[in-house]
Structure formats: structure tokens, C-alpha cells
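> Here's a sequence, model it:
(chains A, B and C)
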Amino acid sequence: MKSLFGRDLITTQEWSVDELERTLALAFEFKARRFDHPLRDCLDRRTFMMFFFNPSVRTRQSFECAATELGGHAQFLEPKTMRLKTETSAGETVQDAANVMSRYACGIGIRTLETAVDRYGEGDDLLREYAKWASVPVISMAHDKFHPCQGLADVMGMRMHGGKNLKRKKLLQVWGKGALVRSWCSVQESILINTRLGLDVTLAYPEGYDLDPQVTKWCEDNAAASGGRFEIVHDLEEGYKGADFVYSRNWQSPAFYGDMKKVGADAAKKKEIEMAARYDDWICSREWMSRTNNAFFMHCGPVDRGAEVTDEVCDGPRSIVYDIAENRLHVQKAIMALTMART
Amino acid sequence: MKSLFGRDLITTQEWSVDELERTLALAFEFKARRFDHPLRDCLDRRTFMMFFFNPSVRTRQSFECAATELGGHAQFLEPKTMRLKTETSAGETVQDAANVMSRYACGIGIRTLETAVDRYGEGDDLLREYAKWASVPVISMAHDKFHPCQGLADVMGMRMHGGKNLKRKKLLQVWGKGALVRSWCSVQESILINTRLGLDVTLAYPEGYDLDPQVTKWCEDNAAASGGRFEIVHDLEEGYKGADFVYSRNWQSPAFYGDMKKVGADAAKKKEIEMAARYDDWICSREWMSRTNNAFFMHCGPVDRGAEVTDEVCDGPRSIVYDIAENRLHVQKAIMALTMART
Amino acid sequence: MKSLFGRDLITTQEWSVDELERTLALAFEFKARRFDHPLRDCLDRRTFMMFFFNPSVRTRQSFECAATELGGHAQFLEPKTMRLKTETSAGETVQDAANVMSRYACGIGIRTLETAVDRYGEGDDLLREYAKWASVPVISMAHDKFHPCQGLADVMGMRMHGGKNLKRKKLLQVWGKGALVRSWCSVQESILINTRLGLDVTLAYPEGYDLDPQVTKWCEDNAAASGGRFEIVHDLEEGYKGADFVYSRNWQSPAFYGDMKKVGADAAKKKEIEMAARYDDWICSREWMSRTNNAFFMHCGPVDRGAEVTDEVCDGPRSIVYDIAENRLHVQKAIMALTMART
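Okay, here's the model as predicted:
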């Protein structure tokens, strides 16, 4: 199998299933032997640069922790304090920034979400521009399109609790109400990786919350190739029925970017919040969970309790949200070890 | 003796005298063998999370340094960039944040002072809420009520210069004028720990600067149990007379929190500064020090020179302020080693 | 030769040529053996404090990386979040801050540029005040007057490409147009160190862009002592003719500080930008480079492409800008090892 050394990770969709399986296998090893794995020194004294165009909770904590546990160090960088070139102001080009950082670092992580970009896809473009010029791997730490580390952590959590062979198990990826106007990235990554791994993925949301059509098209292709299924429904009963995993998460409508441009970020958010408030049923509750096949409850965090999910479900015996959060650490260690360490 | 592994440290008042003595003993060992102590690797690759709701000078420096010197790494986190749930906005609950951090970290430090809370005690409540949900130790890095690491560093400095047995030695804890409107935490911790260790503690301040009555009640109980004394005076002559240690430090009046709510933080500060300016005598000077038993001058830093103390005293041969500052490092290493390392 | 242990580095002008050569020799060693040099553990668990009064791109990245690669840790500190004493507000004195930091750290780096000070030289004064009180080395991470690490990285890059003996080689230090209103520090350091090392240094700029007369006086003295030459010209043809190295970089006019005081930073910058825009020819282009002795193109970064230099030159085969950027890491490791490690 080809080495992953030097590879970027923008979305799991661009890695082969074999490569994803190798990553997951190493992540499970790191979980089992957190501080005494043979690769514990694989980033000894190496620097991982973390670029946060948007703030973060667990992404920063887990990446910085991952570098530390492999013997390296992650620098926490906020580009707002850096003189980067933009269309309207002088500064350093991505070409120069990426080339110079490649001289210092073993890898570069970038986070850039909706509010840091002007249109959907601009964050993805930025990551690919960095990847073009950097001679070290560029890893998405969540951007407007994808969140590969979250997708891998989700799968790891599903396997911890549902067993290794999840083919044809039903994952309900369901929109949740709430006031956080969330990115598409975690949701899109989840449906992409799970259709590739042969699950039956049902994406459920109220009319008006379509995701990126390119992504749902890929999901159809993935399912066709893996022997799984992919379907979109707008009905909660149909969605929850027989599900083995339920992943409830708010996301913004496709109108959000246009609204941001027209009326500004605050007014656009307000409109989204009002729109989301119309769907009172779209909360993962005990009642809905009773329609499932005793499903596990999943979430990428931070959880918006009382909106995306009730406390009862989130704190219940089938909730695996903290394990999934922990897995972020293990999968990120695996990704860093495989792409950045000369092993 | 029971292990301290896993214990929170919100205030020294909640640790036994034996536990405090063990911590001080290890701190003295770390001072003697800073880089070659047998426990030098006890936090190897472990992550300590530092939550700064308020900015800091030496607390951040000394905690980050402590983690480094034990082989670990401290993450500098500012919750203002994190989406935490508040009464008025959606976000992550303390329950979820603490549970997730416990998966990554060996311990959590929290700093939250007056200006980050709405009422006295709210910072203490927040620490206890984190401690309730976290499965790793929560350490106060100074909060509205207490500052246990400072209290231990003070005692260590007093023993370095005054000898190990300080029972019945007189500590004058005296209010100082100045424009910094300071927290009660360092002062309250000092009088609590020193009454427990059997010193004679005199708390001196102008009328109107009462501290938390619960704390002064504990000080009375502590003194009764330890065979020391605790008294409150409003007279400088009485305070300085025969003192072995003088700890001069400004603090805000009990009216401050109410004023902040009524007129805002800036106006409340202004009122405090005007009020404090009335007490011109309340500065630790050579004249006052001449009434003492050749006392050592103490301060938790940062020192407000020309207000809390004259340059002459602060730079004089009996000043132990830099040693106390250094001790923050040693006691914090000891606390981290005892509560967070599987030794 | 006297040990450099404990020495400050405010400008290369204050170190002997022997000391600079020793530093460069070690930097070349670190470049050759980046992770397996015998001194790789020389800052094991030590803390280097980085004070950024101004934001930074590569300085922060390269210093933090340098500490990591030597086994230590660099703390990223922003004084704006620290209560430091100023003329108008209470806070900690430099005396106290420096003394306390000396108890925690093996060294202190400080960055303070134009916009953080009121007059030219105030940043330099601040560094010297820290150096006066600190018992550990104070290193300039770029300040209003000097940038010693950049100067050393420049020389290292020139030797990598032009050979070790550069005596009497011609360095053109040329002003470049652009909208970034840049500090004098990198330029002044370059002409100081290169005149000391015996190069022929031509400083070229439009009338009105004089640098610090003390610095150009030192350059004359340096050239006299080293057997090189130092000249100032205001003509591009004369400047480029026969140059072996071309270092094109924008800098602000001497009027900038006064303007900042009179009309504020934004208006002063606007005035500088308008003034700089008059000199359309002052860009390092293929045409100008054709007048040289096949010169190498140098820049301290971040490069203002299209203003200081054309893309064609900056991306061309004689550009050594990325190597110079990388050298920042190597020279800073050398400086830290020599001044901060007990080797």
C-alpha cells in the first residue's frame, strides 16, 4: 500500500477506503495505547501550525493535544494578527506564507468556516491554495465544505459501539432546530464517509435545507459503489424508523451566504434563527428515538441541548457523544503520524 | 496518607494541613532540584488546559512553565473565543465542555475574577460546576474568592526566610491604597492558610473594606484549632507593631459588585479609586516597617509601587517578593504532580 | 573566546565579529543536522518568553519552532492582555516584570515596532530597560531600531548562495515602493552587519527616506574598519550596477513618527502611502536586475509583490527569499543555544 506520507486531507472523499481504514486502525491503536504506542515519538520536536480563521472549542484542544502526545508541538495561530494579502490590502501571499511555513513545520491545519468567507466554497479554495504551495501536508480542521477529522471520529465511535461491520446499518443524519446556524461541514463529511463505507444513510431535513448538490450526488455514487443506500427524506417518521444511529445536527439553509452578502452576517443569522424556529418537531427526543432500532445518539459537538437533542437523550445510555469527541484526538494523532512522520 | 491524585484545588481551606504540608515539601524539593527531580517526567506528554476568563501576568507564565518543566504542555485558552452556553445565548454547557476536556487533559486550570462575573461567588460557583463534571482535577488559577496557589507560594516564601516553624509569628495582612481595585482572592487565601498553620494573623484595613464574612469566620475557627490568633484592626500602629511579616495589598470594597451592576464596571472602578485615595497613610513605608520586628515584606504581585508599598521597602533587603513569585512555579509543579500524575 | 552565555542581543552591532561568526557557524550546523545535532536538548524543558507588542508572521513561527526543536517551549505572550505600568496607568513595572520572568524563563524575546511606540528609539529603550533588570538574555524579535536575527539570517542566505567569502561583494540595499509603511529595523540591521563583514554596501533610496543618521554613521565606521565600502545613492542605475546581491524593501520616511503624533497612525500611514506611490520605478524588476552582476534577490519577508519586487524576480532562479526565511529558524536556534543554554 502506498505511504500516506506527505498527503493532504481536505475531505475523506479524496482518500481511498483502504487509506481511511488504515487511519482508523491506527486511531484504534492510539486509543488502546495512548501514551506508550511505538509511534509515540514520531513527531519529536516537530511543529504543527494551526491556522484558526474561526474560533474553535474541541478542534484546537484536540489538535494541540495530539501534537503534544506525539512528542511535537502545535502552534496556535490566528491569521487576524497576521499581515496576509487580501484583494484590498497589501500583505503576504498564500504562496509565500505556505512556502515559508513548509520550512518550519511538519504540517499545517486550517479552519475557516462560513463567517470567514464570502461564498460557499471559498474556504475550500483557500485550503487547496495552501495545499498547492505547501510542501508539507495541509489538513482541514473544519472548513465550509468538509470536516474530515470529524467524519473519521464519528465512524470510530460508531464502530466502538456498533461493531466493526456496519454495512447496511441505517444512519439517520437529521437536521435539528436551534439558534447556532451551523456549518454544513460535519454533516457533509458524515454522509460522504458513511455512504462510502456501505451504510444505509438517510438524510432528513425540512424543505429548504438542501446541502451542496455536488455532495449529495457523490453520496449517491458512493452508495452505488459500496452496496449501501443513500436517500433524502423530509419526514421525521420515515427518517427515524429502524435507524441504528441517529446524528442530529442543525445546519444553515443554502440562502445563508447570499443573505450575509445582502444584509450582513448578523441579520442573516437572525433570519436563519427565525426560520429554524418554525420546525419545533425537529429535536431528537425519547419519543423519536423509540421509533429506531435502539439507535445510538451521535453528535459532533458542541451540542445545542434543548434544540438539536433533549437532555434525556444526550445524557442517556445510548449517547456516544463524549466518545466521539475523544476520538477526535485519536484520529488526528493517526492522521498526523501517517502524513507527517517519517516512519 | 491518602493520595492526592484526582483532587481539585479550589481553596487550601478544603485540603487538610497534612496535604498542604506534603505539597509544600514537594515544592521545596522542586526548588532544590528544578530540572533533575525524579518526578521531572511525571506529566510527560500530558496536556493541562488553562482557561483564562481574565488576563494574567505571572499566573499564565508560571503555570505554562510548570507544565513544561514536568514534561507536559499547558494550553492557553481564552473562553471569549469559545462558544460557551450562557443564560442568553446558545452554546456548549459546562457539563459537556468539562466532560470532553477530561478526555484530552490531565487537569484544568480556571481563572475568573470580578470583572468576569456578575456577583461575588459566581466565579467560585463556576469552578465548582467544572469540578462537578470534570473527571480530572480542577485547579483555581485565581478566582473571585480564592487563590490557593498564591497562598502556598506565600507560605513557602515565609519559610524560606523565616524558618520552617512560624507558629505564633505575627503576619500583618494590611490593606494598601492604589488604583487597581483588586480582588479579594489573594488576601483571603493568605489569611485562611496562615491561620490554619498557627500564625498570629492581624488583618488591618480602613473601615468599609470588610472581606467575605464567611472567610473571616473560618479564620477565627482556624486560629482556634491551630493555636494561633486572628484579629481585625482598623489602626495601622496596632497592625504593624511587632509584625514578623507584612503583606500589603490593595483590595476593593464590598460595594464594588453592586456598583458594577448599577453603574457599570468603569464607573464602579472610578468610585473605588476615589474612595481608596482617601487613605494616604495606607502604604507600607520604611516608617511603618520600623514598628515591626524587622519584618519581611511580602506581596503576591504585580506590585503597585508608590501605592501599596514604597520603592524603598519593595527593593529593600527584607523584601521577599521575587522569591514568592518564583515559588508560584514550584508550588504549581507540586500541585500538578500530586493531583495529576499517576506516580 | 568568551562564552556568550547570558548575553543580550539587541543588535548585531553590539556583538563582536567573532561572536557573530560563531553564531553563524552554529546556525549552519543546525541547518545540516536539524533534529540530531548534539545540542538538540540544550533547552530541555526551558521556557523562552516571547513578548509581542506587535503582531508577527514568521518571527513568532520561527522562534516558537526554534524553542521546540531545542527541547524547550516558547510562550506566546501579548502584553496588551497584561497589566503593565505606563505613564498614565497603574500596573507592574518593567523592573518587576523582568525580575519575575527571569525566575521562570531562560530568555526573553521582545518585539515592538513603530505603531507600538510614540517616538523612534522608544522600542529600543524598552528592550534595554528589560535587559537592565532581567538576569536572563533579552533578544530583539524586531524593534523600531534593529532586527538582529534577520540580519544574521540574511548573511547566512548570502553565504549559502554566494560562498563564504563575501568581502568586497556588492550588496544593494534598495528602497521599494508599496503600501506597507515598513519599519527601518531590517534594513538598518542589514547595512550594519554587512558593512562589518567587509561587503561593499550601497544604500539607495529616493530623497526624503533617510534612515537613522547614527546608523549610517556606524556603517561608515564599520566599512572603514572592515575594508569594505558604504555609500548612499539616490539613483537606481548607480545602485543596481554590478551588484552581487539586491535587497529591495520598503521603509517609511523619517517624518512618520512626527506625523503619527500629529494626525494619528491611520492618517500618517495614508500620507506615507501616497508619498511612496510617487516612485513608480522603485521596484526590483528583471530590467533592473539585468544591470547587476547576476545578483541574488533578497528580502526579509513578508514580500510585498508587485511593489517591492516583481513576481518574475521573486519567483526566479536567483531569488533566495525562502532560504533566508528558513535561516531565521537556524540562527535563532544558534542564538538561543549560545546565550541561554549551559553547555
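> same question for the host helix or strand of A:Phe230, mean pLDDT?
If you go by DSSP states H and E, A:Phe230 is part of strand A:229-233. Per-residue pLDDT over strand A:229-233 has a mean of 98.
> same for that strand, what does it pack against?
strand A:200-204, helix A:213-226 (3 or more C-beta pairs under 8 Å, 6 or more residues apart in numbering or on different chains; DSSP states H and E). For the C-beta atoms, the positions are set from N, CA and C on the backbone; glycine is no exception.
> what does that strand contact?
A:191, A:195, A:200-205, A:216, A:219-220, A:222-223, A:239 (C-beta atoms under 8 Å, 6 or more residues apart in numbering or on different chains).
> ok, back up a step: so for B:Asp235, which of the helices and strands packed on strand A:229-233 sits nearest?
strand A:200-204 (74.2 Å; C-beta to C-beta).
> In a markdown table: the helices and strands packed on strand A:229-233, plus mean neighbour count, mean pLDDT and distance to chain B.
Converted to a markdown table, these look like this (neighbours: other C-beta atoms under 10 Å in any protein chain shown; pLDDT from 0 to 100; distance: least, C-beta to the nearest C-beta, whole Å):
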| stretch | mean neighbour count | mean pLDDT | distance to chain B |
| --- | --- | --- | --- |
| strand A:200-204 | 24 | 98 | 22 |
| helix A:213-226 | 16 | 98 | 25 |
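> any idea which of the contacts of strand A:229-233 is the one closest to A:Thr112?
Taking those together and measuring to A:Thr112 by C-beta to C-beta, the closest member is A:Ile191, at 21.2 Å.
> wait, the closest one sits on A:Cys219?
Yes: under the criterion of C-beta atoms under 8 Å, A:Ile191 makes contact with A:Cys219 at 5.1 Å.
> residues bridging contact with the two, i.e. touching both?
Contacts common to A:Ile191 and A:Cys219, judged by C-beta under 8 Å, 6+ apart, are A:201, A:203, A:230.
> Report the contact partners of the closest residue to A:Asp41 other than its chain neighbours.
Nearest residue to A:Asp41 in three dimensions, chain neighbours excluded: A:Gly71, at 4.6 Å (C-beta to C-beta, 6 or more residues apart in numbering or on different chains). Shown in contact with A:Gly71 (C-beta under 8 Å, 6+ apart): A:40-46, B:45.
> Now neighbour count and secondary structure too, for those, in JSON lines please.
Listed next are the contacts of A:Gly71 as JSON lines, based on neighbours: other C-beta atoms under 10 Å in any protein chain shown; DSSP: H, G, I helix; E, B strand; the rest coil:
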{"residue": "A:Arg40", "neighbour count": "19", "secondary structure": "coil"}
{"residue": "A:Asp41", "neighbour count": "13", "secondary structure": "coil"}
{"residue": "A:Cys42", "neighbour count": "20", "secondary structure": "coil"}
{"residue": "A:Leu43", "neighbour count": "25", "secondary structure": "coil"}
{"residue": "A:Asp44", "neighbour count": "15", "secondary structure": "coil"}
{"residue": "A:Arg45", "neighbour count": "20", "secondary structure": "coil"}
{"residue": "A:Arg46", "neighbour count": "25", "secondary structure": "coil"}
{"residue": "B:Arg45", "neighbour count": "20", "secondary structure": "coil"}
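> Residue numbers of the stretch 151-300 of chain A in contact with chain C?
Where proximity means C-beta under 8 Å from any C-beta of the partner chain, the stretch 151-300 of chain A presents no interface facing chain C.
> count of residues packed around whatever residue of the stretch 51-200 of chain A ends up closest to chain B?
In the stretch 51-200 of chain A, the residue that lies nearest chain B is A:Pro55 (3.8 Å; C-beta to the nearest C-beta). Neighbourhood size, A:Pro55 [other C-beta atoms under 10 Å in any protein chain shown]: 16.
> got it, and A:Lys261?
If we define neighbours as other C-beta under 10 Å, then A:Lys261 has 12 of them.
> excluding its backbone neighbours, what's nearest it?
Nearest to A:Lys261 is A:Asp118, by C-beta to C-beta, 6+ apart, at 6.7 Å.
> Could I get the contacting residues of the one you found?
Counting by C-beta under 8 Å, 6+ apart, A:Asp118 has contacts A:257, A:260-261.
> Tabulate the residues you listed (TSV), appending pLDDT and secondary structure.
Below are the contacts of A:Asp118 laid out as TSV (pLDDT from 0 to 100; DSSP: H, G, I helix; E, B strand; the rest coil):
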residue	pLDDT	secondary structure
A:Tyr257	88	helix
A:Met260	89	helix
A:Lys261	88	helix
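> mind checking which helix or strand of chain A has the lowest mean pLDDT?
helix A:256-263 (a mean of 90; mean pLDDT, DSSP states H and E).
> by how many degrees do the next helix or strand after that one and helix A:256-263 diverge?
Later in the chain than helix A:256-263, the nearest helix or strand by DSSP H and E is helix A:265-276. Helix A:265-276 runs at 130 degrees relative to helix A:256-263, counting by axes from the mean of the first three to the mean of the last three C-alpha atoms, to 10 degrees.
> Can I get helix A:265-276 as CSV, trimmed to CA atoms?
Output in CSV follows, covering the C-alpha atoms of helix A:265-276 (Å, rounded to 0.1, in the frame of the first residue of the first chain):
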residue,chain,number,x,y,z
ALA,A,265,-23.8,38.4,9.0
ASP,A,266,-25.9,39.4,12.0
ALA,A,267,-29.2,40.0,10.0
ALA,A,268,-28.6,36.8,8.0
LYS,A,269,-28.1,34.8,11.3
LYS,A,270,-31.3,36.4,12.7
LYS,A,271,-33.2,35.3,9.6
GLU,A,272,-31.9,31.8,9.9
ILE,A,273,-32.8,31.5,13.5
GLU,A,274,-36.3,32.7,12.9
MET,A,275,-36.6,30.2,10.0
ALA,A,276,-35.2,27.3,12.1
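> for that helix, what is the average pLDDT?
On average, helix A:265-276 scores 92.
> Stretch A:295-310 too?
96.
> Quick check: end-to-end length of it?
Start to finish, the residues bounding stretch A:295-310 are 15 Å apart (C-alpha to C-alpha, to the nearest Å).
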